[in-house]
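Trainee: I would like to see how this sequence folds:
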Amino acid sequence: MKVRFFVLISFCYLQLAVVAQKGQTTLGLQLKPMFASKFFETGPQRFVSDSLDATLFQKLGWNTGVVIRKGINDMWSIESGISMVQRNFELKFYSQRYQIEDVLKYKMIGYEIPVQALIYVQLSPKWYINGSGGLALDFYPSNLYKTGSVLKDSLYVDSYAKTFRTRWAMLAATANLGFEYRTKDYGFFYFGASYHRPMGDMALTQLRVESKGAGNDLWMPIGGTYLTLDLRYFLKPDKEVLKQKKRP
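Mentor: The predicted structure is shown next:
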């Protein structure tokens, strides 16, 4: 399955590169810190059962990769690329049965291939405001397994967090707003914010707390929605391409 996944990623990337040769394109690099926000439904999630009380926090994560922008006209462009996404989680829980509390920390690695329509408006000779929206194909390569242990009255209480992906690939809706500063000699500098929402639960976590084989379970769905601060740098367009564009 992993081999098929990376073959698919490579094929999609090569297809984008072939298309880019047919017209003017801009290649960029991006770094997008991921933040939690209650307003955008990415804040802490609490799950409660008869024996367990758990809260799942989405901590600071990262989205980094390559952006390919293809211009259509003076206002519209198409953006795509490929990114690696690292979601970091912190699971705090309390066991009523064993009267203990603990924290499990783990991360989930994924990949994204977005396709977005972008519109931009010129504010000054060098400043632009951009807005974009579209879809992304999210990939989740593997499941996760995290363990912990607490000593309580000379008795070890073990905890297990097993995270199962709901599917290996899923569509997500994306939206973005930001500002771009364009220079002739040093490329384009961009900063903004993005919202990413998968069309379903990304994964399902099973929390189990036990001692000597007896224990309790709690199941927790993980949505995967995130909010980011976007930092991008686009290489300056090729001079020969710009000369051809100016010719009548």
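Trainee: show me where this protein has helices.
Mentor: 2-20, 239-246 (DSSP state H).
Trainee: State which strand of this protein is the longest.
Mentor: strand 100-122 (DSSP state E).
Trainee: That strand - which strands sit beside it in the sheet, and in what orientation?
Mentor: Partners of strand 100-122 in the sheet, by DSSP bridges, are strand 76-95 (antiparallel), strand 127-139 (antiparallel).
Trainee: out of those, nearest to V150?
Mentor: Closest approach to V150 among these is made by strand 76-95 (8.8 Å; Cβ to Cβ). In short, each C-beta sits where N, CA and C put it, glycine included.
Trainee: in that closest one, what counts as buried?
Mentor: 77-83, 85, 87, 89, 91-95 (16 or more other Cβ atoms under 10 Å).
Trainee: and what of stretch 60-79?
Mentor: In stretch 60-79, counting by 16+ other Cβ under 10 Å, buried: G61, W62, N63, G65, V67, I68, R69, K70, G71, S77, I78, E79.
Trainee: can I assume the last one is in contact with L118?
Mentor: Yes: counting by Cβ atoms under 8 Å, E79 touches L118, with 5.2 Å between them.
Trainee: residues shared between the contacts of those two?
Mentor: R69, S132 (Cβ atoms under 8 Å, 6 or more residues apart in numbering).
Trainee: thinking again about what came up before, can you give me the offset of the longest strand of the chain from its chain's centre?
Mentor: The chain centroid and the centroid of strand 100-122 are separated by 1 Å under Cα atoms, centre = their mean, to the nearest Å.
Trainee: Next: stretch 222-235.
Mentor: 6 Å.
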